[in-house]
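A.B. asks: Sequence and predicted structure are below.
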Amino acid sequence: MSYRWCWVWVVPRRRDPAAPRVVHRTARVAVRVTPGQRRRCFGLLRSAGDVWACLLEVNAWRRRRRDAPLVGYQQLCRELSGSGPGTLGELDTTGARSVLRRFSDAWFAAAKRRKDGDLSARFPRRRRGLVPVRWYHGTFTLDGRRARIPTAKGTAPLWIRLAREVPYPAEQVRSITLLCEGGRLFLDVTAEVPLAVYPPGEKPDPARFAGVDLGIIHPYAVAGPDGEGLLVSGRAIRAEHRMHLADTKARRRAVARRAPKRGEQGSRRWRKYRRRARLVEGRHRRRVRQAQHEAARQVVSWAVERRVGVLHVGDPRGVLDIAAGRRHNLRLRQWQIGRLLQVLTDKATLAGITSGWSTNAAPRPPAPPAAHAFRNLVAGPCPARAVDSPGTATWSRPPASPPAPRAADPPPRQPLLCCRRWSRTVEPAGTSPVPGGPGEDQLARGGPPHHLVGSRSPTRRGSTTTTEHPVNVRGHRTRGRMRRVSIGGRAGAGWGRIGSSRSAPRVGR
């Protein structure tokens, strides 16, 4: 009984088990500050960087003395309590402890990865000038588009303005994080978001499954439980990437002459160009992210309508390790597969749908024969298109009927013979449209006449017979009036087209 009392009161639960399930989501809000407020905010980030550097130095000393590293959160907090007031500037104890927690989590995460066999994992050893600072619930204040950041005792309160409203109710916000990205200050607001609640009989059924396949052209392709499917088109996203790349190249070519050299200060016009380039880049990123969110929302809405409880998502990140050239690597980088997986998982979790990963690819079907290479093997009508949002389009397909039996396949075509010496393709014996003379070998008869690229010799070597419409090796008649030309005293060297830019014969040997 005493043990139970100790467990309940010493290590309390943060949430009641009977409370509704929640998930944590973070929204990034830009900060609008005055020069003085900006100086104080960067002072907090630099003080956090000093705490990080102090942790690295302490552990470096202990490592040189062959002592155990000081990485536990409670041990680090005891070391922090020994520092006197004013040591960390305006950074308060709560913000400094958030840096200790970040360092401890990074160290133990690297230790776990190395224990699992990942030797590429490294412990935190690099100094940082600016380190994000986090404050938990009860230490900060949110009032509409204003926020009060806690500071050390004896300093003036720090109120800052936000660029937009926080997208969560004030009672759901659990923590805020001050950080710097790209020279700008942001505030990450983390809140507890409850899961979706459904009426009786409309909740997602865990016994109903759906498979999701991710692609470069179409971000999501879903196969439902009743033979239904959903295809979310991403051609608008690819078009946005292509147009943005073309616009970026054009802008760079236009300002290439007035670009400052290394070590030189740019002119006012150059700074205006850089500012405009940053604005265009930010607009491009926002468009792509919005389209990705809309695509994931369509998938989750489609699954909720059909009461799908489990999504089996394929994980094709193995293709990222294949080096296929600059163009394909650019497509893979613009694919943003990790973000697609993250957005889909977050929205599915909020909707009460379980998502699982699958890395085992299904076996590939056998390739059809050459005679049926262009036959449509999928039965059923063409799916209807319904555009629901800009940047994405959906296709919904009814269950396909079983395919009709096919007729007997024609006999396979004989393979072509290739003359390695002359690098040209020759028909097998008995299929050439040109009859062979007695005692003449087929390969020698179809040997390498000295012809133009793209034309075929219809007659045997050494023949001077002319035809109005000669027949090439494939049996097709060539267009235009042809004539025989002789090079170097040899007749029958090749065919030349009259009035064509390719009329000049090619020298063979």
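C.D. replies: Looks like it came in fine.
A.B. asks: Just the helices from the stretch 251-400 of the chain, written as ranges.
C.D. replies: Under the criterion DSSP state H, counting those that start in this stretch, the stretch 251-400 of the chain contains helices at 268-305, 326-335, 337-350.
A.B. asks: out of the ones you listed, which comes closest to residue 58?
C.D. replies: helix 337-350 (34.7 Å; CB to CB). In short, each C-beta sits where N, CA and C put it, glycine included.
A.B. asks: Can you report phi and psi for residue 212?
C.D. replies: The phi/psi pair for residue 212 (degrees, to the nearest 10) reads phi -120, psi 130.
A.B. asks: Could you list which residues are in contact with it?
C.D. replies: Taking CB atoms under 8 Å, 6 or more residues apart in numbering, we find residue 212 in contact with 220-222, 299, 311-314, 344.
A.B. asks: ok, it to residue 297 distance?
C.D. replies: Distance of residue 212 to residue 297, computed by CB to CB, to the nearest Å: 14 Å.
A.B. asks: thought residue 58 was touching residue 79?
C.D. replies: Yes: counting by CB atoms under 8 Å, residue 79 is a contact partner of residue 58 at 7.3 Å.
A.B. asks: Need the overlap of contacts for the two.
C.D. replies: Common neighbours of residue 58 and residue 79 (CB under 8 Å, 6+ apart) are residue 70.
A.B. asks: Give me the domain ranges for the protein.
C.D. replies: By the assignment in automatic domain parsing, the chain contains the domains 19-194, 205-256+272-360+383-397, 411-509.
A.B. asks: where are the low-confidence patches of the stretch 301-450 of the chain?
C.D. replies: Scanning the stretch 301-450 of the chain for pLDDT under 70 picks out the ranges 359-450.
A.B. asks: okay, now residue 49: neighbour count?
C.D. replies: 18 (other CB atoms under 10 Å).
A.B. asks: Now do the SS call for residue 180.
C.D. replies: The three-state label given to residue 180 by DSSP: H, G, I helix; E, B strand; the rest coil is strand.
A.B. asks: For the closest residue to it other than its chain neighbours, list the residues it contacts.
C.D. replies: Leaving out its chain neighbours, the residue that sits closest to residue 180 by CB to CB, 6 or more residues apart in numbering is residue 130, at 5.1 Å. Taking CB under 8 Å, 6+ apart as the contact definition, residue 130 lies against 42, 45-46, 48-49, 179-180.
A.B. asks: Please indicate which of those are buried?
C.D. replies: 42, 45, 48-49, 179-180 (16 or more other CB atoms under 10 Å).
A.B. asks: Pretty sure the residue nearest to residue 180 sits in a helix.
C.D. replies: No: the assignment for residue 130, made by three-state DSSP, is coil rather than a helix.
A.B. asks: quick one: it from residue 149, how far?
C.D. replies: Counting by CB to CB, the gap from residue 130 to residue 149 is 15 Å.
A.B. asks: what does residue 128 give?
C.D. replies: Residue 128 is 20 Å from residue 149, by CB to CB.
A.B. asks: Mind checking which of those two has more residues around it?
C.D. replies: residue 149 (24 against 16).
A.B. asks: Just list whatever residues bridge to that one.
C.D. replies: As for beta bridges, residue 149 partners with residue 158 under DSSP bridges.
A.B. asks: Contacts only, for it.
C.D. replies: By CB under 8 Å, 6+ apart, the residues touching residue 149 are 41, 44, 135, 140, 158-160, 176, 178.
A.B. asks: try it again with 10 Å
C.D. replies: Residue 149 makes contacts with 31, 37, 40-41, 44, 90, 92, 95, 133, 135, 139-141, 157-160, 176, 178, 187, as judged by CB atoms under 10 Å, 6 or more residues apart in numbering.
A.B. asks: Now do the residue nearest to residue 180, the pLDDT please.
C.D. replies: Note for residue 130: predicted pLDDT of 95.
A.B. asks: Can you pull the phi/psi pair for it?
C.D. replies: Per degrees, to the nearest 10, the backbone of residue 130 is at phi -120, psi 120.
A.B. asks: Check the gap between it and residue 95 for me.
C.D. replies: Separation of residue 130 from residue 95 (CB to CB) stands at 13 Å.
A.B. asks: cool, and residue 263?
C.D. replies: Applying CB to CB to residue 263 and residue 95 gives a distance of 37 Å.
A.B. asks: which one of these two has more residues nearby?
C.D. replies: Legend: neighbour count by other CB under 10 Å for residue 263 and residue 95, higher for residue 95 (27 against 5).
A.B. asks: so that one touches residue 139, yeah?
C.D. replies: Yes: with contacts counted by CB atoms under 10 Å, residue 95 reaches residue 139, the gap being 8.8 Å.
A.B. asks: Report the set of residues contacting both of these two.
C.D. replies: In contact with both residue 95 and residue 139: 149-150, using CB under 10 Å, 6+ apart.
A.B. asks: Need the pLDDT of residue 276.
C.D. replies: The model reports residue 276 with a pLDDT of 93.
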